[in-house]
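K.L.:
here is the input, now give the coordinates:
(one chain, ligands or ions: 1)
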Amino acid sequence: MKTRITEMFGIEHPIIQGGMHYVGFAEMAAAVSNAGGLGIITGLTQGTPEKLANEIARCKDMTDKPFGVNLTFLPMVNAPDYPGLVRVIIEGGVKIVETAGNNPAQVLPYFKDAGVKVIHKCTSVRHSLKAQSIGCDAVSVDGFECGGHPGEDDIPNMILLPRAADELEIPFVASGGMADGRSLVAALAMGADGMNMGTRFIATKEAPVHENVKAAIVAASELDTRLVMRPLRNTERVMTNDAVEELLKIEKEKGADLKFEDIIEQVAGVYPRIMTEGDMDAGAWSCGMVAGLINDIPTCQELIDSIMAQADEIITQRLAGFQAA
Ligand SMILES: Cc1cc2nc3c(=O)[nH]c(=O)nc-3n(C[C@H](O)[C@H](O)[C@H](O)COP(=O)(O)O)c2cc1C
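P.N.:
Predicted structure coming up:
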């Protein structure tokens, strides 16, 4: 399939694997890229420029296809060495960067000079327009359904995507709730040039996470996510578990007085325990409502091939059939 996104990134299929903390290692990115999508290494999981440079080199050993690096800009007490991370991305020859969180204006000139394409992840039309105005090449439009940080507007993709299509000139991919060929065709119908998936890619053979994480996603229904940290205006959609129910209890008790310190035990530094050790009640971990559509653990190649085959079948059979009738 050829879209503005496949052309821009030099990929076979318009399917991107979004950056994911403690999931987006070289193994994940390479598997997605080798299957014809765009794999993305998560920069902040590596943390230091040296470690990220090493991860980029490892990914290059595993694929000769294009892959990207995610740089998430968050307000942090101990901010990572962003200039150093930008430097190793450019020196490593990576040509695609997915930015997320705060406005990436400060790093854009460096990437532009180096010929790196930037796709910024946004949860609203106004942020998407801002990204376009500062020179981002594309945006990833993340609806309310998404795993991770859906923002504070709560607009689902059935509204958000056509709204983005009406306003944007640069290409965008649909993100949040995407799982299969039906998602892809719907995203294209609403004006997107492809789709970005997070949760779906965790439940694949190559995802370098503990088997318990994959099993939890397969077992979960669309009712099993919760929104946490809303009182801090840092809303995150996570899989429910004992720690999350405790966190929500604390949020209810503290009300508007909630501070980050009150919930630090449930959210800080929990990813390695969950993703690597498989301790599923260790804390809050991002997961999308799309878990309800995930019932298997295929390879990335099987997943992407099945998405493209289903999309083709819908377009040429089901939809064309309506026209013929
Ligand atoms: C476990 C997990 C970790 C994530 N970590 C990040 C991250 O570090 N940076 C980021 O920009 N997005 C992160 N995301 C969001 C994904 O890149 C993607 O936008 C989102 O998962 C799309 O929604 P979906 O899960 O419904 O496909 C994460 C998502 C998940 C599920």
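K.L.:
look up which helix or strand V118 falls in, please.
P.N.:
Element membership for V118, per DSSP states H and E: strand 117-122.
K.L.:
which parts of the chain sit against the ligand?
P.N.:
With CB under 6 Å from any ligand atom as the criterion, the chain meets the ligand at residues 18-21, 23, 42, 70, 72, 100, 121, 142, 145-148, 175-178, 196-200, 285-288, 290. C-beta here means a position set from N, CA and C on the backbone, and glycine is covered the same way.
K.L.:
average pLDDT for stretch 237-246?
P.N.:
Model confidence over stretch 237-246 averages 98 on the pLDDT scale.
K.L.:
what segments of the chain are strands?
P.N.:
15-17, 39-42, 67-73, 96-101, 117-122, 138-142, 172-175, 195-197, 225-228, 236-239 (DSSP state E).
K.L.:
buried sites along the fourth one?
P.N.:
Think strand 96-101. Across strand 96-101, burial judged by 16 or more other CB atoms under 10 Å covers I96, V97, E98, T99, A100.
K.L.:
pairing partners for it, with directions?
P.N.:
strand 67-73 (parallel), strand 117-122 (parallel) (DSSP bridges).
K.L.:
now tabulate the strands of the chain in JSON lines and tack on distance to A216.
P.N.:
Formatted as JSON lines, the strands of the chain follow (distance: least, CB to CB, whole Å):
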{"stretch": "strand 15-17", "distance to A216": "19"}
{"stretch": "strand 39-42", "distance to A216": "20"}
{"stretch": "strand 67-73", "distance to A216": "23"}
{"stretch": "strand 96-101", "distance to A216": "24"}
{"stretch": "strand 117-122", "distance to A216": "24"}
{"stretch": "strand 138-142", "distance to A216": "22"}
{"stretch": "strand 172-175", "distance to A216": "21"}
{"stretch": "strand 195-197", "distance to A216": "17"}
{"stretch": "strand 225-228", "distance to A216": "11"}
{"stretch": "strand 236-239", "distance to A216": "6"}
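K.L.:
I294: which of these is closest?
P.N.:
strand 195-197 (10.1 Å; CB to CB).
K.L.:
residues contacting whatever residue of the stretch 1-150 of the chain ends up closest to the ligand?
P.N.:
Distances between the stretch 1-150 of the chain and the ligand by CB to the nearest ligand atom are smallest at G18, namely 2.4 Å. Listed by CB atoms under 8 Å, 6 or more residues apart in numbering, the contact partners of G18 are I40, N70, E98, K121, S140, G148, S175, N196, M197, G198, F201.
K.L.:
try it again at 10 Å.
P.N.:
Neighbour list for G18: 24, 38, 40, 42, 68, 70, 98, 100, 119, 121, 140, 142, 146-148, 173, 175-176, 178, 195-199, 201 [criterion: CB atoms under 10 Å, 6 or more residues apart in numbering].
K.L.:
contacts only, for the spatially closest residue to N54 that is not a sequence neighbour.
P.N.:
Counting by CB to CB, 6 or more residues apart in numbering, N54 lies nearest to Q46, which is 7.7 Å off, once chain neighbours are set aside. Contacts for Q46 (CB under 10 Å, 6+ apart) come out as G24, F25, A26, L52, A53, N54, E55, I56, V69, P80, L85, V88.
K.L.:
okay but the fourth one is in contact with Y82, surely?
P.N.:
It refers to L52. No - L52 sits out of contact with Y82 when judged by CB atoms under 10 Å, with a separation of 11.1 Å.
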